[in-house]
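J.: After the sequence you'll find the predicted model.
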Amino acid sequence: MEEDLLIKKTLENQKIPKLSELLELSSKNESENLLINLEIKSTPDEENLTPTPEEMVKLVMQEVNKSNLQNKIIISSFDWRTLTEIKNHYPEISRAYLSFQQQTGIKIKNTIYNRSPWMSFLPFFEKYELPKIIKSQGGKAWHPYHKDITKKLVEISHQEDLPVNVWTVNEEYDMLKMIEYSVDGIMTDYPLRLKELCDKENINWF
């Protein structure tokens, strides 16, 4: 409860920074271990809601190329069309492939199915193919919803030399399960909760 109140108080009167402002701030605080997961929000489901993949990538890369952080950035997206655009025109930029396969539970629709526009219309038939498909596209990481993965899927990903970074893991039992599955990264709204859990359980994961 105290953590929730602290976050709420911290967020009061905050504004969302522009990408240029974020990159400028990051440049001033660059460290050896800095990694910026830059997620592009776009959709193939609704026309004119967001720029086209070509336009979106152009806008984002204009700012990225003004910075000195190209080798510190990994661009991720549910909309693999944008990742294909980056692959074709900016192959030096690392890409992470977001996925969601649940049928119910949260507002996002399933993005992974055969010839899905979210997957840039790639063929897909069964879940154990997904890490291999991402690797075949030159992906540097897979970012699945944490309830979509199994230990076997993580093992397959690691056989493909593909790190698995799961989202959004907020409950302690889910955090422990992801650590048991040997995921490489956990995205959470409560990083302090995750750190304290690892300390309490004597888990050397960080």
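T.: Received the coordinates, thanks. Numbers count the residues shown, from 1 in each chain.

J.: Report how many residues lie close to residue 14.
T.: Using other CB atoms under 10 Å, residue 14 is surrounded by 7 other residues. Any C-beta I mention is one placed from the backbone N, CA and C, and that applies to glycine too.

J.: how much space between it and residue 197?
T.: Residue 14 sits 26 Å away from residue 197, going by CB to CB, to the nearest Å.

J.: so what's residue 148 closest to, chain neighbours aside?
T.: residue 101 (4.5 Å; CB to CB, 6 or more residues apart in numbering).

J.: Would you agree the one you found is in contact with residue 116?
T.: No: using CB atoms under 8 Å, residue 101 makes no contact with residue 116, being 10.6 Å away.

J.: Tell me which of those two has more neighbours.
T.: Taking other CB under 10 Å, residue 101 and residue 116 do not tie; residue 116 has more neighbours (18 against 15).

J.: Enumerate every residue touching the more buried one.
T.: By CB atoms under 8 Å, 6 or more residues apart in numbering, the residues touching residue 116 are 122, 124.

J.: Recalculate using a threshold of 7 Å.
T.: Under the criterion of CB atoms under 7 Å, 6 or more residues apart in numbering, the neighbours of residue 116 are residue 124.

J.: low pLDDT regions in the chain?
T.: The chain contains residues with pLDDT under 70 at 1-11, 104-107, 206.

J.: ok, residues contacting the longest helix anywhere in it?
T.: Counting by DSSP state H, the longest helix found in the chain is helix 53-64. Outside helix 53-64, the residues that touch it by CB under 7 Å, 6+ apart are 19-20, 23, 40, 42, 50-51, 70, 73, 79, 81-82, 85-86, 89-90.

J.: can we see that at 6 Å?
T.: Contacts to helix 53-64, defined as CB atoms under 6 Å, 6 or more residues apart in numbering, come from residues 19-20, 42, 81-82, 85-86, 90.

J.: ok, now stretch 176-188?
T.: 146, 151, 154, 163-170, 194, 205.

J.: now the strands for the protein?
T.: Remark: strands assigned in the chain by DSSP state E are 36-39, 73-77, 94-99, 141-144, 165-166, 185-186.

J.: In terms of secondary structure, what does the fifth one contact?
T.: By that I understand strand 165-166. Using 3 or more CB pairs under 6 Å, 6 or more residues apart in numbering; DSSP states H and E as the contact criterion, no helix or strand is in contact with strand 165-166.
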